[in-house]
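# task: produce atomic coordinates for the following.
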Amino acid sequence: MRRILDKVKLFAELVKFEHSVFALPYAYVGALYGAAERGNLPSLVSLFWITVVMVAARAFAFVLNRAVDKEIDARNPRTAGRAVPAGRITAWELWGFAAAVLVLYLVGVWQLAPVVRWLAPVPLAAFVVYPYTKRFTKLCHYWLGMCLGLAPVGAWLAVGASAGDPAPWLMGLAVALWTAGFDIIYATQDVECDRRDGVHSMPADIGVGPALVQTRFLHALTVLLLVAAGASAGAGAGWFVGIGAAAALLWYENSIVSADDLSRVDAAFFTTNGVIAIVVLMGALVDRVTGV
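You can find the predicted model right below:
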């Protein structure tokens, strides 16, 4: 039993389920406003299966990323202690876990609107490609952003809403640019190792200072796109107050990281972005549940 519990802890560390806070709230936002097309709220059953799909998809993506990046991670002092490069998870355990979460993903997809069954391979293909993008282009942050940007679009479609409405696409683009921006911040931790190993990133390729300027621009666009998405979806004041709070947090996130001081990257990357996602969701909930 102790060995089983230790292995469970290793897999929890591997996929970092807590990082679901980055994309899962935006999936709920997509579901909330998608259901609004029909004048109602998404059912608890649909929200449950959206959660299953999102968590399983993220776990599958993390396993792929860890497996493909095993050798790169092993050469980086910051990541060498992770379970895969350290050899604490065997290959068969890793791919067995990947198969299990893939099955869970497909089961969840099959409980939602039929259109998402046909689209189910799209995020999987995006996840497979992502780990390789950093080997070829500094635009890898944008590919990762696209992966997370699928969350509100997929959830919108999952509750049976129309793909012809611009709102989910504006939300998806906002999430994509937000993610690309904070992933650039995250990449500032590995500039020396990335340059040594030929791994591409904005900080490694163009310098930390210019990369952080790019993040600020992306986050300003994120706010504008979220405002446009709310207007397109007919959102009320609750949504726009939430976006105002998110804008303030994005300003704070970018203010605590600079080319001369990267000591607060963790606070900017995980803590602040997690709060931003939850704040946006709270604004959507207030809007949709109370009509304020």
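# helices and strands around the helix or strand where residue 49 lies, which ones?
Assigned by DSSP states H and E, residue 49 falls within helix 44-68. The elements that helix 44-68 packs onto, with contact taken as 3 or more C-beta pairs under 8 Å, 6 or more residues apart in numbering; DSSP states H and E, are helix 2-15, helix 24-36, helix 91-109, helix 121-133, helix 140-158. (Each C-beta comes from the backbone N, C-alpha and C, glycine too.)
# which one of those lies closest to residue 277?
Distance to residue 277, taken as C-beta to C-beta, is lowest for helix 24-36 among the helices and strands packed on helix 44-68, at 4.2 Å.
# out of everything not next to it in sequence, what's closest to residue 89?
Among residues not flanking residue 89 along the chain, residue 83 sits closest, at 4.7 Å (C-beta to C-beta, 6 or more residues apart in numbering).
# can you pull the buried residues of the helix holding residue 49?
For helix 44-68, the buried set under the neighbour-count rule, 16 or more other C-beta atoms under 10 Å, comprises 46-47, 49-66, 68.
# that one to helix 91-109, inter-axis angle?
150 degrees (axes from the mean of the first three to the mean of the last three C-alpha atoms, to 10 degrees).
# can you pull the buried residues of the next helix or strand after helix 44-68?
Downstream of helix 44-68, the next assigned helix or strand under DSSP H and E is helix 70-75. Using 16+ other C-beta under 10 Å as the test for burial, helix 70-75 gives 70, 72-73.
# the stretch 151-292 of the chain: helices as residue ranges?
166-187, 191-197, 202-206, 208-233, 237-255, 265-266, 273-285 (DSSP state H, counting those that start in this stretch).
# what comes into contact with stretch 262-280?
19, 21-26, 29, 178, 182, 185-186, 188-189, 208, 226, 242-243, 245-246, 249-250, 252-254, 256-257 (C-beta atoms under 8 Å, 6 or more residues apart in numbering).
# ah, wrong one, I meant stretch 119-137
Stretch 119-137 has contacts (C-beta under 8 Å, 6+ apart) with 57, 60-61, 64-65, 68-69, 102, 105-106, 109, 139-140, 143-144, 146-147, 150, 154, 157, 198-201.
# which among those residues count as buried?
In the contacts of stretch 119-137, burial by neighbour count holds for 57, 60-61, 64-65, 68-69, 102, 105, 109, 139-140, 143-144, 146-147, 150, 154, 157, 199-201, counting by 16+ other C-beta under 10 Å.
# residues contacting residue 230?
239-240, 243.
# any figure for the gap between it and residue 182?
Distance, residue 230 to residue 182, using C-beta to C-beta, to the nearest Å: 21 Å.
# same question for residue 128.
Taken as C-beta to C-beta, the span from residue 128 to residue 182 is 23 Å.
# who's more crowded, these two?
For residue 128 versus residue 182, neighbours defined as other C-beta atoms under 10 Å are more numerous around residue 182 (28 against 15).
# quick one: contacts for the residue nearest to residue 33 when sequence neighbours are not counted?
In this structure, residue 33 finds its nearest non-sequential neighbour in residue 233, 4.4 Å apart by C-beta to C-beta, 6+ apart. Going by C-beta under 8 Å, 6+ apart, residue 233 touches 33, 36, 165, 167, 239.
# could you identify the most distant pair in those?
165 and 239, at 15.4 Å, using C-beta to C-beta across these.
# out of these two, which sits in the busier spot?
residue 239 (28 against 15).
# so for that one, what's the pLDDT?
Note on residue 239: pLDDT of 97.
# rank the helices of the stretch 151-292 of the chain by pLDDT, which is bottom?
Across those, the lowest-scoring stretch is helix 265-266, with a mean of 84.
# chain center to that one: distance?
17 Å (C-alpha atoms, centre = their mean, to the nearest Å).
# thinking again about what came up before, the residue nearest to residue 89: neighbouring residues, count only.
Residue 83 has 19 nearby residues by other C-beta under 10 Å.
# that one belongs to a helix?
No: under DSSP: H, G, I helix; E, B strand; the rest coil, residue 83 falls outside any helix and is assigned coil.
# need the pLDDT of it.
pLDDT, residue 83: 73.
# next one: it from residue 241, what distance?
Per C-beta to C-beta, residue 83 is found 41 Å from residue 241.
# all good on my end, thank you.
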